[in-house]
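A.B. asks: Predicted coordinates and the sequence they were generated for:
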Amino acid sequence: MALERTFAIIKPDAVAKGHTGDILSMIEHNGFRIIGMKMRRIAKPEAEAFYAVHKERPFFKGLVNFMTEGPVVVMVLEREDAIAKWRELMGATNPANAAEGTIRKRFAENIERNSVHGSDAPETAAQEIPFFFGTAELL
Ligand code: UDP
Ligand code: MG
């Protein structure tokens, strides 16, 4: 398996509760190299565009409000099989179903406020990385 890149977010719930350091530590201990990272806020139109695939879902408005309520940490992670490995470390969308040892099991409050985001496929990563990072920002 070749080196692969994925896009990750530490969401507003986890940043506000002071879990950024613990999540970064789990990322590094699981073999990912952080090749881009910044803390910023997401504006409402950005959140709507980023989650456009979910715009007809009942949770869309709540999700946009949540993702814009406070600072996030956006990252590009690199390792072998990064997309699947990051989804594995994140755990299930609903923390009630998340496996032991996953980030969502440890930190998520509920199915909405679930601490982290990760690209779900190579095509998604290829859209999400340039949404937040220029090539000169990736090391
Ligand atoms: N979400 C929600 N309610 C749901 C499903 C999802 O609030 O019933 C939120 C949650 O924050 C989730 C995000 O919408 O992480 C995107 O949903 P998706 O199904 O893509 O889950 P993910 O890929 O983040 O595991
Ligand atoms: Mg998703």
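C.D. replies: The structure has been received and is ready for your questions. Ligands and ions are numbered 1, 2, ... in the order given.

A.B. asks: From here on, just use CA atoms for contacts and neighbour counts.
C.D. replies: Will do.

A.B. asks: mind listing what's buried in the helix or strand harbouring Lys61?
C.D. replies: Per DSSP states H and E, Lys61 falls inside helix 60-67. Neighbour counts over helix 60-67 (16 or more other C-alpha atoms under 10 Å) mark Phe60, Leu63, Val64, Phe66, Met67 as buried.

A.B. asks: Among those, find me the one that's closest to Phe132.
C.D. replies: Met67 (14.3 Å; C-alpha to C-alpha).

A.B. asks: Leaving out chain neighbours, which residue sits closest to the closest one?
C.D. replies: Pro12 (6.2 Å; C-alpha to C-alpha, 6 or more residues apart in numbering).

A.B. asks: Which residues of this protein lie near ligand 1?
C.D. replies: Within the chain, the positions near ligand 1 by C-alpha under 6 Å from any ligand atom are Phe59, Leu63, Thr93, Ile111, Glu112, Arg113, Asn114, His117.

A.B. asks: Neighbour-wise, which one of these leads?
C.D. replies: Neighbour counts for the residues of the chain next to ligand 1, by other C-alpha atoms under 10 Å, peak at Asn114, which reaches 25 neighbours.

A.B. asks: Look up the closest residue to that one, ignoring the ones flanking it.
C.D. replies: The shortest distance from Asn114 to any non-neighbouring residue, by C-alpha to C-alpha, 6+ apart, is to Ala108 (4.1 Å).

A.B. asks: That neighbour: how many residues sit nearby?
C.D. replies: So Ala108, with other C-alpha under 10 Å, has 24 neighbours.

A.B. asks: Pretty sure it sits against Thr102.
C.D. replies: No - using C-alpha atoms under 8 Å, Ala108 is not in contact with Thr102; the gap is 9.8 Å.

A.B. asks: just to revisit the earlier point, which residues does the residue nearest to Met67 contact?
C.D. replies: By C-alpha atoms under 8 Å, 6 or more residues apart in numbering, the contact set of Pro12 is Phe66, Met67, Thr68, Glu69, Gly70, Pro71, Val72, Ser115.
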